[in-house]
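Trainee: Pasting a predicted model and its sequence here:
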Amino acid sequence: MLRVAVVGSGPSGVYAAQTLVQQREVPGVRVDVLDRLPCPYGLVRYGVAPDHEKIKSLQGSLRGVLEDERIRFLGNVEVGGETLTTGRLLELYHAVVYCVGAARDRMLGIPGEELAGVHSATAFVSWYSAHPDAAAAGFGLADVRSAVVIGAGNVAVDVTRILARGAPELRLTDMPEPALGALAASGIREVAMVARRGPSQGKFTTKELRELATLPGVDTTVLPDELARDPAYADPAAAAALPAVNRRNVEVLRDWTAHRPDARARRITLRFFLRPVEVLGGADGRVSGVRFEHTVPDGRGGVSGNGTFEDVDAQLVLRSVGYQGVPLPGLPFDTARGTVPHAAGRVLRGGRACVGEYVAGWIKRGPTGVIGTNRPCAKETASSLLQDAGALARRELPGDPLDALRAAGLAPVPWPGWLAIEAAESSLGRSLGRRSVKIPDWPGLLAAATGE
Ligand code: NAP
């Protein structure tokens with residue numbers, strides 16, 4: 001038997017486990033999928049926006065994999081800490097595949113970023129997604145009238161949409177009660193989503209962009225002058241040369257210029273060619289706005305500041321400028337790329353491929369792509385591991401790793417524990433007159449997992 005640990009139960013971890021057990025060349029592969037949290041599914045549970053039910057429903061197919069009898073889910077197991085080092089993990093298994101994602105947000109590196117009221121979009125997403133590490137974050141939104149979201153990727157679109165949505169729509173999601181309450185009480189009327197480059201260079205996908213103009217009670221606008229500064233907006237030949245997704249985005253934004261703003265409850269404005277240079281503070285020490293420098297295309301795909309500035313009012317600023325991988329003690333790390341160096345998924349130590357240690361997902365290739373991108377990525381890694389199977393299986397293991405994990409003081413939450421959390425969330429939802437509602441804190445999750 002070849003025993004493999006997959007660390008991380010998000011899409012890349014689940015796809016890696018699936019490939020390892022469903023292939024035929026190496027019989028008898030058994031996989032333990034370990035997660036620091038007692039809940040599986042990684043960013044599908046804690047990153048995909050709660051109002052994106054269709055993408056969330058992917059949990060159904062991930063669940064099917066984790067219920068395979070050759071796979072064992074073990075939640076509440078932190079790897080890389082003192083209790084379970086990466087070295088110890090490798091003693092317990094023939095091979096380890098790290099699928100730990102990219103957990104940290106990136107900073108802007110501008111003055112004022114530390115002011116109260118400035119947050120990373122990832123912290124905001126974690127809070128409204130009920131990530132147990134974010135339970136204490138608490139976003140007070142009652143005094144916020146305008147919010148600025150910096151960045152033009154899909155995460156920026158998600159947080160912009162959630163800020164603008166009304167309480168009746170959010171109530172239909174599995175959003176935890178504290179976040180729902182705060183968003184329902186929010187005084188937000190204006191959300192500006194601000195990109196430093198042009199409309200043809202937005203990183204959002206077209207479906208997500210379009211959705212912004214379909215929100216009930218929300219007026220979504222663009223400034224035609226800003227769009228016109230993009231050569232690919234003004235010139236059909238330049239537009240034709242764009243990748244399809246960017247070309248479609250430009251067309252969607254062009255349609256929006258015909259829209260006449262009306263007096264709906266809330267407004268989203270997409271702004272372009274504005275580079276953040278300073279977060280401004282009020283006398284109370286809280287954020288009061290963001291100073292942007294207008295930019296112009298530099299002809300090489302980038303932009304440069306033109307020396308004119310604009311202040312945009314905001315009592316809440318979310319920076320949404322991408323994720324970053326976090327080093328795991330005991331594993332090599334490329335700080336410039338925020339990833340673990342690898343060759344076809346085999347971890348590279350000092351430039352040499354390690355047989356026994358592998359990576360897949362964002363920690364392998366960086367925080368890019370959609371959920372489906374993880375499938376071929378995980379497949380490549382699993383193929384490398386399977387090629388090494390002969391050498392790996394020669395080593396005798398000390399026994400069932402679960403006994404060793406318990407002996408080390410860990411209290412793994414097995415699959416039935418997760419099912420108990422799911423049941424507790426359904427029952428919480430019923431008691432609140434909602435559908436399933438997520439439990440947002442560690443004590444609540446662990447109590448539910450053990451049936452307390
Ligand atoms: P992203 O797609 O990499 O977008 C980051 C944005 O931040 C870009 O617009 C970038 O602008 C901007 N930016 C970076 N540094 C900046 C700075 N110093 N000042 C101003 N702007 C700056 O990252 P993401 O939105 O976090 O998304 C991460 C991944 O998750 C993506 O692959 C995304 O598609 C995926 N995701 C998908 C969905 C979905 O499918 N519904 C939802 C959420 C996330 P430049 O382009 O100018 O660098």
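Mentor: Nice, thanks for sending it over.
Trainee: CA only for contacts and neighbour counts going forward, please
Mentor: Will do.
Trainee: Not counting stretch 438-449 itself, show me its contacts.
Mentor: Residues outside stretch 438-449 that contact it (Cα atoms under 8 Å, 6 or more residues apart in numbering) are 38, 129-135, 174-176, 413, 416-421, 424-425.
Trainee: buried residues in that stretch?
Mentor: 438-442, 445-446, 448-449 (16 or more other Cα atoms under 10 Å).
Trainee: Closest to the ligand out of those residues?
Mentor: Lys438 (19.5 Å; Cα to the nearest ligand atom).
Trainee: so Ser186 touches Leu141, yeah?
Mentor: Yes - using Cα atoms under 8 Å, Ser186 is in contact with Leu141, at 4.7 Å.
Trainee: thinking again about what came up before, hmm, which of the contacts of stretch 438-449 are the buried ones?
Mentor: 38, 129-132, 134-135, 174-176, 413, 417-418, 420-421, 424-425.
Trainee: Up against the ligand, what does the stretch 101-250 of the chain have?
Mentor: Within the stretch 101-250 of the chain, the positions near the ligand by Cα under 6 Å from any ligand atom are 108, 150-156, 195-197, 202-203.
Trainee: go again using 8 Å as the cut-off
Mentor: 106-109, 122, 150-158, 194-197, 201-205, 208 (Cα under 8 Å from any ligand atom).
Trainee: hmm, which of those residues are the buried ones?
Mentor: 106, 122, 150-158, 194-197, 201-205, 208.
Trainee: among the residues you listed, which are in helices?
Mentor: 122, 154-158, 208 (DSSP state H).
Trainee: which ones are touching the residue nearest the centre of the chain?
Mentor: Closest residue to the average C-alpha location of the chain: Gly47 at 4.3 Å, with Cα atoms, centre = their mean. Contact analysis of Gly47 by Cα under 8 Å, 6+ apart lists 125-126, 129.
Trainee: closest to the ligand among those residues?
Mentor: Taking the contacts of Gly47 together and measuring to the ligand by Cα to the nearest ligand atom, the closest member is Val125, at 9.8 Å.
Trainee: per-residue pLDDT, the closest one?
Mentor: Model confidence at Val125, given as pLDDT, is 96.
Trainee: Go over the secondary structure and confirm Arg267 is in a helix.
Mentor: No - applying DSSP: H, G, I helix; E, B strand; the rest coil, one finds Arg267 to be strand, outside a helix.
Trainee: State whether it and Val222 are indeed in contact, as I suppose.
Mentor: No - look at Arg267 against Val222 with Cα under 8 Å: they stay out of range, at 10.7 Å.
Trainee: Helices of the stretch 151-300 of the chain, residue ranges please.
Mentor: For the stretch 151-300 of the chain, the helices defined by DSSP state H, counting those that start in this stretch cover 154-164, 167-170, 177-184, 206-211, 224-228, 231-234, 236-240, 244-256.
Trainee: now do the stretch 1-150 of the chain
Mentor: So, for the stretch 1-150 of the chain - with DSSP H, counting those that start in this stretch - the helices run 11-22, 42-46, 53-56, 59-66, 86-92, 121-128.
Trainee: Just say which of these is most tucked in.
Mentor: helix 11-22 (a mean of 26; mean count of other Cα atoms under 10 Å).
Trainee: gap between it and the chain center?
Mentor: 19 Å (Cα atoms, centre = their mean, to the nearest Å).
Trainee: And for stretch 94-107?
Mentor: With Cα atoms, centre = their mean, you get 12 Å for stretch 94-107.
Trainee: got the residues of the stretch 251-400 of the chain near the ligand?
Mentor: So the stretch 251-400 of the chain meets the ligand at 275-276, 302, 320-323, 367-371 (Cα under 8 Å from any ligand atom).
Trainee: And the residues you listed, which of them are buried?
Mentor: Judged by 16+ other Cα under 10 Å, buried ones among these: 275-276, 320-323, 367, 371.
Trainee: can you list the domains in this protein?
Mentor: 2-103+325-411, 106-322 (automatic domain parsing).
Trainee: okay, how far is it across the first one, tip to tip?
Mentor: Translated: domain 2-103+325-411. From its first residue to its last, domain 2-103+325-411 covers 24 Å (Cα to Cα, to the nearest Å).
Trainee: Figure out how far that domain is from the centre of its chain.
Mentor: With Cα atoms, centre = their mean, you get 17 Å for domain 2-103+325-411.
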